[in-house]
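# coords please:
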Amino acid sequence: MFELIQSISVQAEAGRASGKASVPADHPLLADHFPGMPILPGSFLVELASQIAGPLAEEVVKLHHGFDRWAIPGMIRNLKFLGPSSLPSQLSISVAVLRHEASNVLLDVTAEQNSELILRGELVMMMIETSSAWDEAITARNNRLAKWKAAS
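Residues are numbered from 1 along each chain as shown. Next up, the predicted model:
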C-alpha cells in the first residue's frame, strides 16, 4: 500500500495533514474487485487515510508531549463511505486532530476523488513505544515519509 501514496504535507502545529494517493486500475491486489467495474475497496481507502493520519499523530505527540511514539491504527469511529471510488483513483486525503493524548490521537479523516467527498469519519491512532527490533522497519518507513514530504 505504501507505493500508492504520492505526497504528504504535515502541519503538526495546526493539527492538520493532507496527502495524495494514486491507485491504478491494474493493481494486482485489486484484480477481482470488480471485473468490468473496478472500484477501490473500502478497506484500502481506510488504510490510505491511516497512512496520512499516522505521521500527523506522531508529530503531534512529539510536539505536545515531548517524546517519540509510533502510530498504529487502533479504532475506526463513525466512518462512512459516501460514494464508490472507481479505478483508477486519484485521491486527496485530509486529516485533522480532534484530540491528542500520549497514548492515542483521535483524528477526523476525509477522502475526495474528483472533488467529490467519498469518505468521512474518525480514526483513533494508538501511540506505541518500540524496541530496537523495530529499527529497520522504522528506518524504511522514515525514508518513505521523507520521499512523500519532498513530493508535496
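# Tell me the helix or strand right after the lengthiest helix in the chain.
For the chain, the helix with the greatest residue count under DSSP state H is helix 42-65. Proceeding C-terminally, helix 42-65 gives way to strand 70-81 as the next helix or strand, assigned by DSSP states H and E.
# can you name the farthest residue from the center of this structure?
Distance from the C-alpha centroid of the chain peaks at Gly36, with 28.0 Å (CA atoms, centre = their mean).
# where along the protein do the helices fall?
Ranges of helices in the chain, per DSSP H, are 42-65, 135-151.
# looking at those, which is closest to Met126?
helix 42-65 (9.0 Å; CB to CB). To be clear about C-beta, it is placed using only N, CA and C from the backbone, and glycine gets the same treatment.
# Check the offset of that closest one from the chain's centre.
Taking CA atoms, centre = their mean, to the nearest Å, one finds the center of helix 42-65 at 5 Å from the center of the full chain.
# Any buried residues in it, and which?
Neighbour counts over helix 42-65 (16 or more other CB atoms under 10 Å) mark 44-46, 48-61 as buried.
# for stretch 82-92, same thing?
By neighbour count on 16+ other CB under 10 Å, the buried set for stretch 82-92 is 85, 87, 89, 91-92.
# sorry, back to before: quick check: angle from the longest helix of the chain to strand 70-81?
Angle of helix 42-65 versus strand 70-81, following axes from the mean of the first three to the mean of the last three CA atoms, to 10 degrees, is 130 degrees.
# Could you pull up the mean pLDDT of helix 42-65?
Helix 42-65 carries an average pLDDT of 96.
# Contacts only, for the residue lying closest to Ser89 once chain neighbours are set aside.
Leaving aside its sequence neighbours, Ser89 sits nearest to Val23 (CB to CB, 6 or more residues apart in numbering; 4.2 Å). Shown in contact with Val23 (CB atoms under 8 Å, 6 or more residues apart in numbering): 4, 30, 40, 44, 48, 85, 87-89, 91.
# Sweet, I'm off.
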